[in-house]
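*Asks:* After the sequence you'll find the predicted model.
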Amino acid sequence: MFVQSKFAQSNTEKFKLLLNVSNCVLVLTSVVMIVSILMSYPYAEHFSLPVQVAAHISTIVIAAFLKVSYVTRCLAQYNLGIEVR
């Protein structure tokens, strides 16, 4: 019984850490996504063509990281018994 309790406690700590990391990555990727969109569209005339191409490509790549961080956040919330939104 002690082993199960200790195992459950370590899993809880791991999911709390996962939730914190996912939240940080979600904020970071959101900010970087906004910057890349701004560089790609409204302020494109201020950047060279290679920078614009990189901004367009990074928008797609960053979107993937944004989605993964959201899914890991939902996973952590579910396993901690927190309402998933």
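*Replies:* Arrived safely, thanks for sending. Everything numeric here is computed off the predicted structure, so don't read it as measured data.

*Asks:* Can you list the buried residues in the helix or strand of the chain with the lowest mean pLDDT?
*Replies:* Of all helical and strand segments in the chain, the minimum by mean pLDDT, DSSP states H and E falls on helix 2-40, at a mean of 88. The neighbour-count check on helix 2-40 (16 or more other CB atoms under 10 Å) flags 15, 18-19, 22, 25-26, 29, 32-33, 36-37, 39-40 as buried. All C-beta atoms are positioned from the backbone trio N, CA, C, and that covers glycine.

*Asks:* What is the nearest of those residues to V71?
*Replies:* S22 (8.6 Å; CB to CB).

*Asks:* Wait, that closest one touches K67, no?
*Replies:* No: if you go by CB atoms under 8 Å, S22 and K67 don't touch, sitting 11.6 Å apart.

*Asks:* ok, back up a step: following the least confident helix or strand of the chain, which helix or strand shows up next?
*Replies:* Following the chain from helix 2-40 toward its C-terminal end, the next helix or strand by DSSP states H and E is helix 49-80.
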